[in-house]
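[1] sequence and predicted structure, then a few things I'm wondering about:
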Amino acid sequence: MDDLKNKILGEAKALEGELQAWRRELHQHPELGLDLDWTRQFVWDKLVSFGCQPQKCGEGIVVVLGKPGGKTILLRGDMDALPVPEEADVPYKSTNGRMHACGHDMHTSMMLGAAKVLKANEALLEGQVKLMYQPGEETLQGAKNMVDSGVLDDPKVDAAVMIHVMTGLPIPVGMLMIPEGNTGAASSDEFHIVVKGKGGHGAMPHLSIDPINAMAHIHTALQEIHAREIVPGEFLVITPGIFRAGNASNVIADSGEIVGTIRTGASEMVAFAKKRITEISESIAAAFRCTAEVSFCKSCPPMIADVAMSDSARKYMTELLGQLVLPPMGNGSKLGGGSEDFAFVSERVPTIGMFLGVGNSKEGCTYPQHHPKAVFDDSVLFEGTAAYCYLALRWLQENK
Ligand SMILES: [Zn+2]
Ligand SMILES: [Zn+2]
């Protein structure tokens, strides 16, 4: 085991310069959603140069390594950026008005490193590794796009791993965090409430039906779902992020719209929230002589981590990185509000997501992910590469 650990760490460390160069080139050419032409070509060419045989899968890329017959473990790296003009003062600043503000350029680079190391060590794989280069994570479309295109089939995937980098938090650079229990990520569902009244002159409200009045009551009432209808301490967020109606101070609008997001940790809670948002909106609109049409879109389920996978990951990563694995914090299955579309994979196979510290807020990296000034320390990319490779090798050894 020590031999394997030293071999993988050594080979990943030897790639340090390349990993950084790839990451910085990707950083200068961020692309959005499923439209990753430049990025896909970059990844494809690199994979071919390592001797891999990339295949297109939906709008992403897949590489399979190892020998058929045993089990298959999937490693995921997402590749898309955000529509944020970069304000970070780095020499490899984005050139096109978009930004890798979530660090997916780091993931793509770490996964290229993993392909190179695993290809060179293919004979050691006691089964198969499937590398998933995913588009559209920020839009929560990409994993589904690849799952629908068969990323989990042929060879059938038995377990799946993702790593996400983290900056702007008080976590030392190079520290790896493995969530406890089944902690994954929250679900995400968008709601639209269109309220229709009857427009008219602002000076004659009695001749109109004001939708803004009904919308204001709906907005307030939606907060009561969390306050009065769920078990105290349970995780549910309902945030109306858009509230729009009207164009002039002296005109009563015809209609208006509230658009928001629901975040929670269980599918039953999503269903409950949708039901209550619909009932409350329709009833309040009716009370004020309006109508409300409620619809939902952009749905991503909660990501549930597999407890056995989580335990195995902690064991392997402690073998590999020792003190660099953050000890359990004993916070059980506490969820943040963030979502992760790897959930579409976790619905089908046992999954674990790990987090790598790449910017300590105590050492000046104060801007969080998605911020235009966020910076990411790419000196520890080799650790991510080694983590992907070692986890795959060890899991296959123990799950023949
Ligand atoms: Zn993000
Ligand atoms: Zn991200």
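    That came in fine, so what should we check first? Ligands and ions are numbered 1, 2, ... in the order given.
[2] quick one: the helices in the stretch 1-150 of the chain?
    2-14, 16-28, 37-49, 104-120, 142-148 (DSSP state H, counting those that start in this stretch).
[3] contacting residues around the last one?
    Counting by CB atoms under 8 Å, 6 or more residues apart in numbering, the neighbours of helix 142-148 from elsewhere in the structure are 33-34, 57-60, 62, 76, 78, 80, 132, 134-137, 300, 341-345, 348. Quick note: C-beta positions are derived from backbone N, CA and C, even for glycine.
[4] list buried residues within these.
    With burial judged by 16 or more other CB atoms under 10 Å, the buried subset of those is 33-34, 57-60, 62, 76, 78, 80, 132, 134-137, 300, 341-345.
[5] narrow those residues to those in strands?
    57, 60, 62, 76, 78, 132, 134, 300 (DSSP state E).
[6] and those as TSV, adding distance to residue 223 and pLDDT?
    Below are these laid out as TSV (distance: CB to CB, whole Å; pLDDT from 0 to 100):
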residue	distance to residue 223	pLDDT
57	42	98
60	39	98
62	44	98
76	36	98
78	33	98
132	39	98
134	35	98
300	23	93
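[7] between those, which sits nearest residue 365?
    residue 78 (20.9 Å; CB to CB).
[8] what's the per-residue pLDDT of the closest residue to that closest one other than its chain neighbours here?
    Of all residues not flanking residue 78 in the chain, residue 137 sits nearest, at 3.8 Å (CB to CB, 6 or more residues apart in numbering). Confidence at residue 137, expressed as pLDDT, is 97.
[9] I figured residue 137 hits residue 77, correct?
    No - at 9.7 Å, residue 137 does not count as touching residue 77 under the criterion of CB atoms under 8 Å.
[10] overlap in contacts, those two.
    residue 104.
[11] give me the low-pLDDT residue ranges for this protein?
    331-336 (pLDDT under 70).
[12] got the buried residues for the helix ranked longest in it?
    Longest helix of the chain, by residue count under DSSP state H: helix 267-287. Residues of helix 267-287 classed as buried by neighbour count (16+ other CB under 10 Å): 269-270, 272-274, 276-278, 280-282, 284-285.
[13] in terms of secondary structure, what does that helix contact?
    strand 188-196, helix 211-228, strand 236-245, strand 255-264, strand 291-300 (3 or more CB pairs under 8 Å, 6 or more residues apart in numbering; DSSP states H and E).
[14] which of the residues in the longest one are buried?
    Applying a neighbour-count criterion of 16+ other CB under 10 Å, the buried positions in helix 211-228 are 211, 212, 213, 214, 215, 216, 217, 218, 219, 222, 225.
[15] thanks again, I'm all set now.
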